[in-house]
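Visitor: no sequence for this one, just the structure:
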């Protein structure tokens, strides 16, 4: 079936159907600059379509239908004027007849409104481009030769009026110098501006063309025209921006964070920042303790804050696990510790997510493998220098801090320079770490329950009456999506989050960081016995809480969640009640002290060894000659000589500091009669060695 304005292809040429009659069709060739409408039998067209000689083709001028020139513009005025000029020709039922068409054209030419050549050009354009008034819009897109170089013997552009000289002609040699200067100085992440690159270009130009007056050198605007013509906007941005900055801040975003999550708990994002406020000590408000660290864990689907940590521990695994422990456990008891009474429905996040997205620092390594292997939590690490990969949690820091920054004392300012009456903002610190923690918790509770996220990217299945608040999105996702948080025993979960280290076992106990631990399970295993036949396992691991050194959690089986709680042995009672931070500092000081003591001991030992060697040498010199005395007689007299030495030693008083007392000893009178006959010290041998009495 043929249609008016349909385009057909026949023998590598494209035709447009202009008019349909009972037996014939009128078409025109689109490829010919001097084509006219022609009659063709419809029967032949149908046969050609059936045989494949004639095929339907895409309209090359279909975009003209979408054109809409601005009202009052030159394009609209010319379009309407041209259409009014040829309307009587194209509306004629016999427009395809050369005689009728020629007569209509002659009538218009006689009026003097247009020439015959212009009329033929307009009607041919009208028929070839789709028989619509928009087909008569001038082709302004072809004007000016955009992107093409103009060739001329003189300087191009407007002539100079105030500047001296005529100007330089930009030839191939000049363009090559333009490109060298642009590539060397401008399209680099060096911060050079365009005037600087142009000055460096003039240095090179002067080297090649010495003696050229300054007024006859290519100008900055000529170089800028070349720059805009030869370098696209994307290329300029990529080369003038560092790769890290381009990927993070400039590159277009093609998706959102919520695209890859199925529901609540599908992915948690975790990150840390240093708060923009200085705090004072809880114990002494006069002492400024610095800026705290904030760790936040956020659910990507609902934007709900799942967990947090606020303290002075540097961003590390030790601080991250505290935020993760809060995120994966019930919040009611934790909030009550900080003065907030909430119900489980107000903060329902408690359980294990499917994945955790973090930086490469905190959760990259073997420390987090226990959580990954034991509870099937996938750990994802963002690429380096790509903070935008965790855009949800990164943006939350700015939102949370906006709650206190406008009016809180001690907020970080722009500068510390005391200029024009300025003061040090650190001295304004008034809030304690407890005060600040309560402010942040209150802000999080407000955000989770009531904050309306206007830019939240909804999905097609979300109802219109669903408010875009984190709590509402969470509850809706739990009911209508997959991704419920998986439950896990809190004790096992907390222990799996604790950092781990290698543990060695000896007869003194389990050794971790130089401290010794023991437990009933270890004693029953017989690992503390001192016999050579005792076999102790090697390569075990132990989990520890950096905040306390009183106990550790030993894993007796590799790749298994079974653990034994080991208490600090009496041999390491020195560190009872301390944290592992204190242990590491004390051990470091002890090692430093031991090194200094060994230096002194080496000096004294050398003195002692020299004394011993001198004594031995003197004794050898004073030894009498053994000649004339039988060896058997010397050996036989050993007992007699020893008895004389003992007799002589007994004559020497034990205390020689004063003369012996000649008075009588005092008489001791008991205050009361006693039935105790033995006044000796009691014996605690059995209790000391903890030996069991045999039956």
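Guide: Structure received. As the structure is a computational prediction, the values presented were derived from the model and not from experiment.

Visitor: residues in contact with residue 205?
Guide: Residue 205 is in contact with 174, 177, 212, 217-218, counting by C-beta atoms under 8 Å, 6 or more residues apart in numbering. (Each C-beta comes from the backbone N, C-alpha and C, glycine too.)

Visitor: out of those residues, what pair is the most spread apart?
Guide: For the contacts of residue 205, the farthest-apart pair by C-beta to C-beta is 177 and 212; their separation is 12.2 Å.

Visitor: how long is stretch 612-632 from one end to the other?
Guide: Chord length of stretch 612-632, first to last residue, is 30 Å (C-alpha to C-alpha, to the nearest Å).

Visitor: And for that stretch, what's in contact with it?
Guide: Contacts for stretch 612-632 (C-beta under 8 Å, 6+ apart): residue 634.

Visitor: what is the rounded mean pLDDT of it?
Guide: For stretch 612-632, the mean pLDDT works out to 82.

Visitor: Stretch 310-323 too?
Guide: What stretch 310-323 shows for mean pLDDT is 85.

Visitor: circling back: of residue 177 and residue 212, who's got more company?
Guide: Between residue 177 and residue 212, counting by other C-beta atoms under 10 Å, residue 177 is the more crowded of the two (21 against 14).

Visitor: Distance of that one relative to residue 185?
Guide: Separation of residue 177 from residue 185 (C-beta to C-beta, to the nearest Å): 12 Å.

Visitor: Likewise for residue 57?
Guide: 51 Å.

Visitor: circling back: how about the contacts of residue 205 in JSON lines, adding secondary structure and distance to residue 261?
Guide: Listed next are those as JSON lines, based on DSSP: H, G, I helix; E, B strand; the rest coil; distance: C-beta to C-beta, whole Å:
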{"residue": "174", "secondary structure": "helix", "distance to residue 261": "56"}
{"residue": "177", "secondary structure": "helix", "distance to residue 261": "54"}
{"residue": "212", "secondary structure": "coil", "distance to residue 261": "64"}
{"residue": "217", "secondary structure": "coil", "distance to residue 261": "60"}
{"residue": "218", "secondary structure": "coil", "distance to residue 261": "56"}
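
Visitor: list the contacts for the nearest residue to residue 349 once chain neighbours are set aside?
Guide: Nearest non-adjacent residue to residue 349, counting by C-beta to C-beta, 6 or more residues apart in numbering: residue 306, 4.4 Å away. Taking C-beta under 8 Å, 6+ apart as the criterion, residue 306 is in contact with 268, 297-299, 326-328, 349.

Visitor: for residue 286, same thing?
Guide: residue 280.

Visitor: Show me which residues of the host helix or strand of residue 439 are buried.
Guide: For residue 439, the element it lies in under DSSP states H and E is helix 433-450. By 16 or more other C-beta atoms under 10 Å, the buried positions in helix 433-450 come out as 433, 436-441, 443-445, 447-449.

Visitor: can you check stretch 506-515 too?
Guide: Quick answer for stretch 506-515 (16+ other C-beta under 10 Å): 509-513, 515.

Visitor: Show me those residues that map onto helices.
Guide: When DSSP state H defines the helices, the subset of the buried residues of stretch 506-515 inside them is empty.

Visitor: would CSV of the residues you listed with pLDDT and distance to residue 380 be doable?
Guide: Below are the buried residues of stretch 506-515 laid out as CSV (pLDDT from 0 to 100; distance: C-beta to C-beta, whole Å):
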residue, pLDDT, distance to residue 380
509, 91, 39
510, 93, 34
511, 94, 35
512, 93, 30
513, 92, 31
515, 93, 35
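
Visitor: export the residues you listed to JSON lines and tack on distance to residue 618?
Guide: Formatted as JSON lines, the buried residues of stretch 506-515 follow (distance: C-beta to C-beta, whole Å):
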{"residue": "509", "distance to residue 618": "49"}
{"residue": "510", "distance to residue 618": "53"}
{"residue": "511", "distance to residue 618": "48"}
{"residue": "512", "distance to residue 618": "52"}
{"residue": "513", "distance to residue 618": "50"}
{"residue": "515", "distance to residue 618": "49"}
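
Visitor: Of those, which pair is most distant in space?
Guide: The span of the buried residues of stretch 506-515, defined through C-beta to C-beta, is set by 509 and 513 at 12.9 Å.

Visitor: need the contact list for residue 434.
Guide: Residue 434 neighbours (C-beta under 8 Å, 6+ apart): residue 282.

Visitor: Need the per-residue pLDDT for residue 674.
Guide: Residue 674 carries a pLDDT value of 54.

Visitor: Use 117 as the first number from now on
Guide: Sounds good: first residue 117 from here, last item residue 790.

Visitor: quick one: average pLDDT of stretch 553-570?
Guide: On average, stretch 553-570 scores 91.

Visitor: er, stretch 383-397 I mean
Guide: 89.

Visitor: Mind listing what's buried along it?
Guide: Buried-residue list, stretch 383-397, by 16+ other C-beta under 10 Å: 383-389, 391-396.

Visitor: same question, stretch 239-255
Guide: For stretch 239-255, burial by neighbour count (16+ other C-beta under 10 Å) applies to 239-247, 249-253.

Visitor: Tell me which entries of these lie within helices.
Guide: Using DSSP H, the buried residues of stretch 239-255 in helices are 239-244.

Visitor: In JSON lines: those, plus distance to residue 167 and pLDDT.
Guide: Formatted as JSON lines, these follow (distance: C-beta to C-beta, whole Å; pLDDT from 0 to 100):
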{"residue": "239", "distance to residue 167": "33", "pLDDT": "91"}
{"residue": "240", "distance to residue 167": "30", "pLDDT": "90"}
{"residue": "241", "distance to residue 167": "32", "pLDDT": "89"}
{"residue": "242", "distance to residue 167": "32", "pLDDT": "90"}
{"residue": "243", "distance to residue 167": "27", "pLDDT": "91"}
{"residue": "244", "distance to residue 167": "26", "pLDDT": "89"}
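
Visitor: Show me which of those is closest to residue 683.
Guide: Ranked by distance to residue 683 (C-beta to C-beta), these are led by residue 244 at 95.3 Å.

Visitor: so who does the closest residue to that closest one other than its chain neighbours touch?
Guide: Of all residues not flanking residue 244 in the chain, residue 146 sits nearest, at 5.1 Å (C-beta to C-beta, 6+ apart). By C-beta under 8 Å, 6+ apart, the contact set of residue 146 is 123, 129-132, 176-177, 244.

Visitor: hmm, which of these are the buried ones?
Guide: Buried by 16+ other C-beta under 10 Å: 123, 130-132, 177, 244, out of these.

Visitor: what two of those residues have the greatest distance between them?
Guide: Farthest pair in these (C-beta to C-beta) is 131 and 177. Separation: 13.1 Å.

Visitor: ok, and residue 276, which helix or strand is that part of?
Guide: Going by DSSP H and E, residue 276 is not in any helix or strand.

Visitor: my read: it touches residue 282, true?
Guide: Yes: the pair residue 276 and residue 282 passes the contact test of C-beta atoms under 8 Å, sitting 7.1 Å apart.

Visitor: Tell me the one among the contacts of residue 321 nearest to residue 375.
Guide: Distance to residue 375, by C-beta to C-beta, is smallest for residue 293 among the contacts of residue 321, at 48.1 Å.

Visitor: This completes my enquiry, with thanks.
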